[in-house]
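J.: structure, please.
(2 chains)
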Amino acid sequence: MPDTRYLLMAIAVSAAITWALRALPFTFLAPLRASATVKYLGARMPAGVMVILFVYCLRDLPLPGPHAAAPLAALAVTVGLHLWRRNALLSILGGTIVSVALASTLFAH
Amino acid sequence: MGLGLLPLGLALGVLITHAGLPWWCASLSTAVIYAGSFEFLLVGLVVVAAPLVTVALTAFLVNVRHVFYALSFPLDRVHGRLARAYSTFALIDEAYALATGPQARSWSGARIVWLQMYMQLYWVGGATVGALLGSVIPDSVTGLDFALTALFTVLALDAVRERRGDLPTPVLALLSALAARLILPGQLLPAAFTLFTAALLTRHLTTRRRPAHA
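T.: Presented below is the predicted three-dimensional model:
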């Protein structure tokens, strides 16, 4: 197990970089916020960013193969539940429960 | 919506204990880093004692997407130094999605900051409970990390539905992500965000000029 000092350092370094990336752009991008181009980007970015993060989560899906079965089934359940009930918590819980149930039993490595 | 962070935090906590790390790593990491997807990656990095330079570089690459959030996150509605500092610190993907969503247009800055605090409370609480419970959950229980995929699936579905009638935006995002996956799989996120921004800018410039030629 890594020693405590290393763990604390790793967390501190990560925290500093993450906050800097979130806070500093407000200072040096502030003058750009009034521009029409930035408004155009701002209106379209949220949807695109979520689609990209979605693909990112599935980047290591072992396709085709038996190990992809559990996440794919869980994904189908999440999408199905969400299109049906539009309840974020229900969709996330439902998909995760299916994923854990399948990955720990039928499709265990 | 913030409640979605609870199962996700639980998953992270269990993952941290199962990786052989002390439980307080879950509480501390979620309290001071507070970057969901990166914290999942960090577990894998610290168990192999990756050099701090690698940790720093990964933190930068995974979280550099937040630079783009400053363009549209309504920080101008948040008043007070402390509130503004916290609001930028707690600018996670889910907070960005909520605060830039259709329902948030009339929200005050205070409401946005309270929401961010609730989200972090769920996150820290979930991770701490998960880490403490992790030791009693057998290693054979896997698949919890799907909570992160489920979260972004839901956020993407909602965001795309909100822009119905604007099919090119999600299609460009999807193509950017797939291209980045093929060309730079190790740096999928920054590559995809750069490609997507470039594609949107190109689209903006070309569609703006079209009426002038007509």
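J.: and the residue most central in space within chain B, what does it touch?
T.: Centroid check for chain B by Cα atoms, centre = their mean gives B:Asp93 as the closest residue, at 3.3 Å. Shown in contact with B:Asp93 (Cβ atoms under 8 Å, 6 or more residues apart in numbering or on different chains): A:Val49, A:Met50, A:Leu53, B:Gly36, B:Ser37, B:Phe152, B:Leu155. Every residue, glycine included, has its C-beta placed from N, CA and C.
J.: what residues go with each domain of chain B?
T.: Residue ranges for the domains of chain B, per automatic domain parsing: B:2-162, B:164-214.
J.: reformat the ones you listed as JSON lines; add mean pLDDT.
T.: Listed next are these as JSON lines, based on pLDDT from 0 to 100:
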{"stretch": "domain B:2-162", "mean pLDDT": "89"}
{"stretch": "domain B:164-214", "mean pLDDT": "85"}
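J.: helices of chain A, start to end?
T.: With DSSP state H, the ranges of helices along chain A come out as A:4-28, A:36-57, A:69-85, A:88-104.
J.: same for the last one, what does it pack against?
T.: The elements that helix A:88-104 packs onto, with contact taken as 3 or more Cβ pairs under 8 Å, 6 or more residues apart in numbering or on different chains; DSSP states H and E, are helix A:69-85, helix B:5-18, helix B:146-162.
J.: which one of the contacts of B:Asp93 is nearest A:Leu75?
T.: B:Phe152 (10.8 Å; Cβ to Cβ).
J.: what sits against that closest one?
T.: Contacts of B:Phe152 by Cβ under 8 Å, 6+ apart are A:Met50, A:Leu53, A:Phe54, A:Tyr56, A:Cys57, B:Asp93.
J.: out of the residues you listed, which is most surrounded?
T.: When neighbours are taken as other Cβ atoms under 10 Å in any protein chain shown, the top entry among the contacts of B:Phe152 is A:Leu53 (27 neighbours).
J.: middle-most residue in chain A, spatially?
T.: Geometric centre of chain A, nearest residue: A:Leu53, 5.1 Å, by Cα atoms, centre = their mean.
J.: follow-up on the earlier one: now, of the domains of chain B, which is deepest in the fold?
T.: domain B:2-162 (a mean of 20; mean count of other Cβ atoms under 10 Å in any protein chain shown).
J.: now for the nearest residue to A:Met9 once chain neighbours are set aside: which residues touch it?
T.: Among residues not flanking A:Met9 along the chain, B:Leu52 sits closest, at 5.9 Å (Cβ to Cβ, 6 or more residues apart in numbering or on different chains). By Cβ under 8 Å, 6+ apart, the contact list for B:Leu52 reads A:Met9, A:Ala10, A:Val13.
J.: for the least confident helix or strand in chain A by mean pLDDT, packing partners?
T.: Ranking every helix and strand in chain A by mean pLDDT, DSSP states H and E puts helix A:36-57 at the bottom, with a mean of 85. Secondary-structure packing of helix A:36-57 (3+ Cβ pairs under 8 Å, 6+ apart): helix B:36-47, helix B:66-69, helix B:93-99, helix B:146-162, helix B:168-183, helix B:188-213.
J.: nearest to B:Tyr86, out of the ones you listed?
T.: Among those, helix B:93-99 sits nearest to B:Tyr86 (Cβ to Cβ), with 10.9 Å.
J.: can you tell me which of the contacts of B:Leu52 are buried?
T.: Among the contacts of B:Leu52, those buried by neighbour count (16 or more other Cβ atoms under 10 Å in any protein chain shown) are A:Ala10, A:Val13.
J.: as TSV, the contacts of B:Leu52 with pLDDT would be great.
T.: As requested, those are arranged in TSV below (pLDDT from 0 to 100):
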residue	pLDDT
A:Met9	96
A:Ala10	96
A:Val13	97
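J.: closest to B:Tyr69 out of the contacts of B:Leu52?
T.: Among the contacts of B:Leu52, and counting by Cβ to Cβ, the member closest to B:Tyr69 is A:Val13, at 21.3 Å.
J.: nearest spatial neighbour of that closest one, skipping sequence neighbours?
T.: With Cβ to Cβ, 6+ apart, the residue lying closest to A:Val13 is B:Ala56, at 5.1 Å.
J.: assign the one you found to helix, strand or coil.
T.: Under DSSP: H, G, I helix; E, B strand; the rest coil, the three-state class of B:Ala56 is helix.
J.: so who does B:Ala35 touch?
T.: With Cβ under 8 Å, 6+ apart, B:Ala35 has these contacts: A:Ser14, A:Thr18, B:Ala59, B:Val62, B:Asn63, B:Ile92.
J.: for it, grab phi and psi.
T.: phi -150, psi 90 (degrees, to the nearest 10).
J.: ok, now how distant is it from B:Gly125?
T.: Computed as Cβ to Cβ, to the nearest Å, the B:Ala35 to B:Gly125 distance reads 17 Å.
J.: same question, B:Ala150
T.: 19 Å.
J.: equivalent analysis for A:Leu29, please.
T.: A:Leu29 is 33 Å from B:Gly125, where distance means Cβ to Cβ.
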